[in-house]
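K.L.:
could you work out the structure for the sequence below:
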Amino acid sequence: MLYPQKDQKELQQKLSSLSDNEYIVVCFCAAWCRTCQGFEAQIESLEKKYPYHCFVWVDVEEHEELLIDEDIEDFPTILIQNKKGTLFYGPLLPFAEHIDRLLQQAEKNPQFVAPVASFEQLVTAAAK
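P.N.:
Residues are numbered from 1 along each chain as shown. This is a model prediction of the structure:
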């Protein structure tokens, strides 16, 4: 899993090299959130199952510049998108199975939702 505070260059490289069918899975959390602390290990296990996708852990208090045009009030909030669009953006109960099902469905028949800002563009802008 990539962390913007320590993996900035690797994150930018990974995001720019993703194919159209590879997803960015971003977990927006806060360091003080106990729910998020327990969820991090679950996300890491998903990363092992889907090594071709890019999993990113964003602490919202350290990286406000990476938030999607609105305040995040519920944790964890998940963003799943690729170059074609956004598959999911919103809060989820902290069970990796939910993300797993979304990714499985996306591989069969992706259904994109209303567009939100590109995470890749936010990371690039924040690096400047």
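K.L.:
packing partners of the biggest helix by length in the chain?
P.N.:
For the chain, the helix with the greatest residue count under DSSP state H is helix 34-49. Counting contacts by 3 or more C-beta pairs under 8 Å, 6 or more residues apart in numbering; DSSP states H and E, helix 34-49 packs against strand 24-29, strand 54-59, helix 96-108. Backbone N, C-alpha and C define where each C-beta goes, glycine included.
K.L.:
name the helix or strand of this protein that has the lowest mean pLDDT.
P.N.:
helix 119-127 (a mean of 77; mean pLDDT, DSSP states H and E).
K.L.:
got the contact list for the residue nearest to the spatial centre of the chain?
P.N.:
Nearest to the mean C-alpha position of the chain, counting by C-alpha atoms, centre = their mean, stands V26 at 1.0 Å. By C-beta atoms under 8 Å, 6 or more residues apart in numbering, the contact list for V26 reads V56, W57, V58, I78, L79, I80, F119.
K.L.:
does the first one have beta-bridge partners, and which?
P.N.:
In other words, V56. Beta-bridge pairing for V56 (DSSP bridges): L2, V26.
K.L.:
report how many residues lie close to it.
P.N.:
Close neighbours of V56, defined as other C-beta atoms under 10 Å, add up to 23.
K.L.:
offset the numbering so it begins at 22, please.
P.N.:
Noted, 22 is the first residue going forward, which turns the last one into V77.
K.L.:
surely it meets E141?
P.N.:
No. The criterion here is C-beta atoms under 8 Å, and V77 misses it with E141 at 10.5 Å.
K.L.:
residues contacting the residue lying closest to L32 once chain neighbours are set aside?
P.N.:
Residue nearest to L32 in three dimensions, not counting chain neighbours: L23, with 4.7 Å by C-beta to C-beta, 6 or more residues apart in numbering. By C-beta under 8 Å, 6+ apart, the contact set of L23 is E31, L32, K35, C75, F76, V77, W78.
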